[in-house]
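Engineer: Below is the sequence, then the predicted model.
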Amino acid sequence: MAEAGYGICVTGATSLLGQEVLGALAKSPIALRVFHPVDALSVETTELSFRKKMLTVGLLNPEVLDEVDMVLVAAPVTDEEAAMLDGAAEAGCLVLDMVGYRKPGMGTPLIFGRSAGALEALRETGAGSCPGALALALVGIGAAVRPLGLAQIRGTAMMSASIAGEKGVRELSGQVAALFNSQTPPRAVFEHGLAFDLLPGWGKVQASGWMESELVAAAQASRVLGLPPGAIAVDQVLVPMFVGLGLSLQIYGQSLSVESVSQAVDEFPGLQLFRQLEPGLMPRGMAGSSELAVGRVRPDPAGQGIQLFVAGDPMRLPAANAVQALLGMIELDLV
């Protein structure tokens, strides 16, 4: 580690994901020489607290990028900002994309924790992509049961309003209040409503009928787990929760049993096994945790695979993964 520490920039620092990144980074052992929280012109927050200091939220610009060694991209960026970030990566600054601004085909390694192989690829590319929350949850389960002969994962993901960031959380709150008071609810984010209802789909839909976010999550998880394309397929359903993530999954493989899967989950880092239905197995019970709760492990009635339920925090999972990736970069002397 450099004696004076490292320079880090977090874009989208005031977003829900950005705030979680700042929290995880503040608790990490990473020594900082300089730290730049940046965001868009439209944000109202001009200052934030980091490691007991008040810092001014600035704008992404070449001067900021020249001062830092690493950038965490925690909110969507404009084309101009993307060009700046790509230029910084080419100049030797390591860029971790957490929001998918770098598209498939750009040769970007997928970074899961301290995976040495993917991190080493950063020496050539300068930029890496971090899986999203859904992909990370699938990878967590898949990695635990992969030694048992995992072949496929199918299921339904219950996503909260936080999938749309702070504006989604605010709109759900506004919809709830409006409907209680017999008023017209706001529907700028969720045009068909979400309060007291379910949305069977949200976002870009491909010609196949699958949402782009569903396909991206499946592709990312399959890539990290080393499974063939099509081995993972999960529907995304938006539910009227402010935060949280719930997964109802069916996993398939030749050597899977309730006992073997339960033991694998119980022994795998980052997973908590619940043998009974408890509040901890609910998404709200995992708020603020970088671990996944796993329970309701049961056999499929037709004898084909195992069914289980997973709960987690969709903001804390990617934030923790990104900070672990930074630690891995430092260990490998990539910075």
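Structural biologist: Great, that's in hand. Predicted, not measured: the structure shown is a model, and the values here were computed from it.
Engineer: my guess is residue 109 meets residue 121, correct?
Structural biologist: Yes: at 3.8 Å, residue 109 counts as touching residue 121 under the criterion of CB atoms under 8 Å. All C-beta spots, glycine's among them, are computed from the backbone N, C-alpha and C.
Engineer: shared neighbours of the two, anything?
Structural biologist: Shared contacts of residue 109 and residue 121, defined by CB atoms under 8 Å, 6 or more residues apart in numbering, comprise residue 128.
Engineer: So for the helix or strand of the chain with the lowest mean pLDDT, what gets flagged as buried?
Structural biologist: Across the helices and strands of the chain, mean confidence by mean pLDDT, DSSP states H and E is lowest for helix 116-120: a mean of 82. Buried residues in helix 116-120, defined by neighbour count with 16 or more other CB atoms under 10 Å: 118, 119.
Engineer: cool, and stretch 149-166?
Structural biologist: 150, 153-155, 157-166.
Engineer: do the same with stretch 20-31
Structural biologist: 20, 21, 22, 23, 24, 25, 26, 30.
Engineer: what's the answer for stretch 103-115, then?
Structural biologist: So stretch 103-115, judged by 16+ other CB under 10 Å, has buried residues 108, 109, 110, 111, 112, 113, 114, 115.
Engineer: of all the residues you listed, which comes closest to residue 220?
Structural biologist: Using CB to CB, residue 110 is the member of the buried residues of stretch 103-115 that lies nearest residue 220, at 6.1 Å.
Engineer: contacting residues around that closest one?
Structural biologist: By CB under 8 Å, 6+ apart, the neighbours of residue 110 are 118, 128, 129, 130, 131, 220, 223, 224.
Engineer: Now the closest residue to the first one other than its chain neighbours, what are its backbone angles?
Structural biologist: Among residues not flanking residue 118 along the chain, residue 109 sits closest, at 4.5 Å (CB to CB, 6 or more residues apart in numbering). Main-chain dihedrals, residue 109, degrees, to the nearest 10: phi -70, psi 150.
Engineer: How about the secondary structure of residue 273?
Structural biologist: The three-state label given to residue 273 by DSSP: H, G, I helix; E, B strand; the rest coil is strand.
Engineer: Could you list the low-confidence segments of this structure?
Structural biologist: 1-3, 104-106 (pLDDT under 70).
Engineer: tell me the domain ranges of it?
Structural biologist: The record's domain parsing of the chain by automatic domain parsing lists 6-131+319-331, 134-314.
Engineer: chain center to the very next helix or strand once past the least confident helix or strand of the chain: distance?
Structural biologist: Sequence-wise, the next helix or strand downstream of helix 116-120 (DSSP states H and E) is helix 122-125. The chain centre lies 22 Å from the centre of helix 122-125; the measure is CA atoms, centre = their mean, to the nearest Å.
Engineer: do the same with stretch 139-153
Structural biologist: Relative to its chain's centre, stretch 139-153 lies at 19 Å (CA atoms, centre = their mean).
Engineer: Check stretch 232-239 too.
Structural biologist: On CA atoms, centre = their mean, the centre of stretch 232-239 falls 15 Å from that of its chain.
Engineer: Identify the residues contacting it?
Structural biologist: So stretch 232-239 is in contact with 134, 138, 142, 152-161, 163, 190, 194, 198-202, 211, 213-214, 217-218, 221-222, 225, 246-247, 249, going by CB under 8 Å, 6+ apart.
Engineer: Can you flag which of these belong to helices?
Structural biologist: Among the contacts of stretch 232-239, DSSP state H puts 134, 138, 142, 213, 214, 217, 218, 221, 222, 225 in helices.
Engineer: Got the phi and psi for residue 64?
Structural biologist: Taking degrees, to the nearest 10 as the convention, residue 64 sits at phi -60, psi -50.
Engineer: separation between the nearest residue to it once chain neighbours are set aside and residue 247?
Structural biologist: Distances taken as CB to CB, 6+ apart place residue 36 nearest to residue 64, at 4.9 Å, with adjacent residues excluded. Between residue 36 and residue 247 the computed distance is 35 Å (CB to CB, to the nearest Å).
Engineer: For the protein, which segments count as strands?
Structural biologist: Secondary structure of the chain (DSSP state E): strands located at 6-11, 32-38, 47-50, 53-56, 70-73, 94-97, 127-129, 150-159, 232-238, 245-253, 271-274, 292-299, 306-312.
Engineer: Could you spell out the sheet neighbours of the first one, each with its direction?
Structural biologist: When pairs are called by DSSP bridges, strand 6-11 turns out to pair with strand 32-38 (parallel), strand 70-73 (parallel).
Engineer: Now for the closest residue to residue 178 other than its chain neighbours, how many residues are close by?
Structural biologist: Nearest residue to residue 178, sequence neighbours excluded (CB to CB, 6+ apart): residue 185, at 4.0 Å. Residue 185 has 19 neighbouring residues, counting by other CB atoms under 10 Å.
Engineer: One more: residue 32?
Structural biologist: Around residue 32 there are 16 residues (other CB under 10 Å).
Engineer: Also the one 3 residues further on?
Structural biologist: The local packing count at residue 35 equals 22, with neighbours defined by other CB under 10 Å.
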